[in-house]
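Q: any chance you could fold what I've pasted below:
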Amino acid sequence: MNSMIAIGVFCNDTAIFNRGVSFFRGTGKGAVTQYVYEDGECQETCRDMGHTQMGLGELVDAAEIAWKQGVDLYGAAPDSITGIPRLAEGLNHAARILNGDTLITTCGPIGKPKFGLDPMWEKAWNHYGVRMGLNLPFIKMTAERSRPESVSWKSMYSWGTLTHTSDTTCKGSLLTNNLFIELINLQSVHSSY
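A: Next up, the predicted model:
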């Protein structure tokens, strides 16, 4: 679905783009309502947090591409009581676990995760916290802990700190910003392997 949305944009093909959007909103295995359950638990929460983050990251990437095209997938399937979108519920649930909360899930309590943070939390926080003004402290905390986002061995881009951090305290040109310098240094260390 993420690929369909991206290819649709790249090829300026509305039919392919709309297929990806329909898949996101639909009822198939990768759709947001199938991947994230009503309580925020994800299909892969009981497997491990690495795979849970990969799935959520793909949904975030698809939602961000669609957002840039004027289509709101971030807000898909809002909760009937709280109004919180399903993707935000899933992100918040995963963020609670990643920040040390012991949550009771369908597979029992989940303790400390074995995996680090995937490079997708900046994008998620930027949308839900900064753009939309939602109070989701666990997503914010996870985004802050992930800074600067580093290279992932998975299939995710790791430029979120650079492209999605809206910090009004960062003054000056991009090249004099310490966060940018730190990110570039980190990227060059990881790419030398």
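Q: just give me the neighbour total for residue 130.
A: Using other C-beta atoms under 10 Å, residue 130 has 16 neighbouring residues. To be clear about C-beta, it is placed using only N, CA and C from the backbone, and glycine gets the same treatment.
Q: from residue 20, how far out is it?
A: Distance, residue 130 to residue 20, using C-beta to C-beta, to the nearest Å: 25 Å.
Q: okay, strands next: where are they in this structure?
A: 103-105, 108-110 (DSSP state E).
Q: pLDDT averaged over the first one - what is it?
A: On average, the pLDDT along strand 103-105 is 71.
Q: now the last one
A: Averaged across strand 108-110, the pLDDT comes to 69.
Q: what of stretch 125-144?
A: Average pLDDT, stretch 125-144: 93.
Q: kindly export that stretch (C-alpha atoms) in CSV.
A: Taking C-alpha atoms only, stretch 125-144 is exported to CSV below (Å, rounded to 0.1, in the frame of the first residue of the first chain):
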residue,chain,number,x,y,z
TRP,A,125,4.8,13.2,16.5
ASN,A,126,5.1,16.0,13.9
HIS,A,127,1.7,15.2,12.5
TYR,A,128,-0.3,14.3,15.6
GLY,A,129,1.4,16.6,18.1
VAL,A,130,2.6,19.6,16.1
ARG,A,131,0.2,19.8,13.2
MET,A,132,-2.9,18.6,14.9
GLY,A,133,-2.2,19.5,18.5
LEU,A,134,-3.2,16.2,20.0
ASN,A,135,-2.0,15.4,23.5
LEU,A,136,-0.2,12.1,23.0
PRO,A,137,2.7,12.3,25.5
PHE,A,138,4.1,8.8,24.9
ILE,A,139,4.5,9.5,21.2
LYS,A,140,6.2,12.8,22.0
MET,A,141,8.5,11.1,24.5
THR,A,142,9.4,8.4,22.0
ALA,A,143,10.2,11.0,19.3
GLU,A,144,12.4,12.9,21.7
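Q: residue 119 contacts residue 148, doesn't it?
A: No: judged on C-beta atoms under 8 Å, residue 119 makes no contact with residue 148 at a distance of 9.3 Å.
Q: give me the distance between residue 136 and residue 66.
A: Taking C-beta to C-beta, one finds residue 136 at 20 Å from residue 66.
Q: all helices for the protein, in order.
A: 2-10, 14-25, 32-35, 49-68, 86-98, 121-125, 137-145, 160-164, 178-191 (DSSP state H).
Q: what lies in contact with the shortest one?
A: Helix 32-35 is contacted by residues 24-25, 27-29, 42-43, 55-56, 59, 73, 76-77, 86-87, 90 when judged by C-beta atoms under 8 Å, 6 or more residues apart in numbering.
Q: from those residues, which would you call buried?
A: When the contacts of helix 32-35 are checked for burial by 16 or more other C-beta atoms under 10 Å, the buried set is 24, 42-43, 55-56, 59, 73, 76-77, 86-87, 90.
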